[in-house]
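Student: got a predicted structure plus its sequence, pasted below:
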Amino acid sequence: MLSNDILRSVRYILKANNTDLARILALGNVDATPEQIAIWLRKDEAAPALTAERRINNNIVLKKLRIAFSLKTDDILAILTGQLFRVSMPEITAMMRAPDHKNFRECGDQFMRYFLRGLAAREHAAK
């Protein structure tokens, strides 16, 4: 998935505005103004894609979100099952492995879209 899509989804999950995102990014030593964030969050045809300094793939995003939201593998499975996305526990754990591990599996865009949609539903229902 594009970084812009992931950023939009995480912003929606957190119910954050551009100023909140600027403060969150500042915690990671990323200087961004709310105006820059507004440009990043525009639809793809209106703004250039956000470029990352290092290559970030869906597996890294999945691992980071798992830690940020204190999710266990069972929670991820429940989120995806709630979105009617069929996945098994070993498939999820394979995505959490190191890329050089023999059982590593790449996290696809469809998996990430369903996960982000399900995580948003879970977080908004909890509050």
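Tutor: Yes, it's here. Numbers count the residues shown, from 1 in each chain.
Student: residue 8: helix or strand, and which one exactly?
Tutor: Assessed by DSSP states H and E, residue 8 sits inside helix 3-14.
Student: meant to ask about residue 25
Tutor: Counting by DSSP H and E, residue 25 is found in helix 18-27.
Student: now for residue 69, how many residues are close by?
Tutor: Using other Cβ atoms under 10 Å, residue 69 has 15 other residues around it. Where you see a C-beta, it was placed from the backbone N, CA and C, and this is true even at glycine.
Student: contact partners for the closest residue to it other than its chain neighbours?
Tutor: Nearest residue to residue 69, sequence neighbours excluded (Cβ to Cβ, 6 or more residues apart in numbering): residue 119, at 6.8 Å. Contact analysis of residue 119 by Cβ atoms under 8 Å, 6 or more residues apart in numbering lists 13, 65, 69, 79.
Student: do that again at 10 Å, thanks
Tutor: 9-10, 12-13, 65-66, 69, 71, 75-76, 79-80, 82-83 (Cβ atoms under 10 Å, 6 or more residues apart in numbering).
Student: show me this protein divided up by domain.
Tutor: As recorded under automatic domain parsing, the domains making up the chain are 1-55, 57-127.
Student: the helices in the protein, which residues?
Tutor: Along the chain, counting by DSSP state H, helices occupy 3-14, 18-27, 34-40, 58-68, 73-82, 89-95, 109-126.
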